[in-house]
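K.L.:
what follows is a predicted protein model with its sequence.
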Amino acid sequence: FGTLPAEVATPLSMVLTELVQNAVEHAYPDGRTGRIEVAAVRDRDGLGVEVRVAGTGLPDGFDLATSPRLGLQIVRALVTGDLHGTLALRPRETGGTSALLSVPLATPAL
């Protein structure tokens, strides 16, 4: 996988920590147990990360862009601002939620 530069690794670790913490808090209420999977793929152009949660899915009408949840607002700001990437939260066909993160590793043109 190689080494990521600090300007990518630091905000990326904050994003992943927040996504997993959010899943622990919201996907498995009332002490239910479950599984959270994190998968990553790196190619020439960037890094793709998926956080898959099998627990409680997103509420009806959920929109990441207008979510009042502070943690998700911070995640979105880090992904789009610091990492110049994209983030999508989608329901999984088998139930639960999938967070899809894409981060370019090449320096964006100014």
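P.N.:
Looks like it arrived, so ask away.

K.L.:
alpha carbons only for contacts and neighbour counts from here, please
P.N.:
Noted.

K.L.:
and after the helix or strand bottoming out on mean pLDDT in the chain, which helix or strand comes next?
P.N.:
Ranking every helix and strand in the chain by mean pLDDT, DSSP states H and E puts helix 70-77 at the bottom, with a mean of 88. Next helix or strand after helix 70-77 toward the C-terminus (DSSP states H and E): strand 86-91.

K.L.:
Provide the strand pairings for that next one, with the direction of each partner.
P.N.:
According to DSSP bridges, strand 86-91 has the following sheet partners: strand 97-104 (antiparallel).

K.L.:
and the strand it pairs with, how far out from the chain middle?
P.N.:
Centroid separation between strand 97-104 and its chain, computed with CA atoms, centre = their mean, to the nearest Å, is 5 Å.

K.L.:
now do that strand: everything it contacts.
P.N.:
With contact meaning CA atoms under 8 Å, 6 or more residues apart in numbering, strand 97-104 is reached by 19, 45-58, 79, 83-92.

K.L.:
which residues does the spatially most central residue of the chain form beta bridges with?
P.N.:
By CA atoms, centre = their mean, the mean C-alpha position of the chain lies nearest to residue 99, the distance being 4.7 Å. Judged by DSSP bridges, the bridge partners of residue 99 are residue 51, residue 89.

K.L.:
what of the one 5 residues further on?
P.N.:
Assessed by DSSP bridges, residue 104 has beta-bridge partners residue 46.

K.L.:
per-residue pLDDT, it?
P.N.:
Model confidence at residue 104, given as pLDDT, is 94.

K.L.:
ok, now residue 51?
P.N.:
96.

K.L.:
so where's this structure shaky on pLDDT?
P.N.:
1, 106-110 (pLDDT under 70).

K.L.:
stretch 49-58: how far from the chain's middle?
P.N.:
10 Å.
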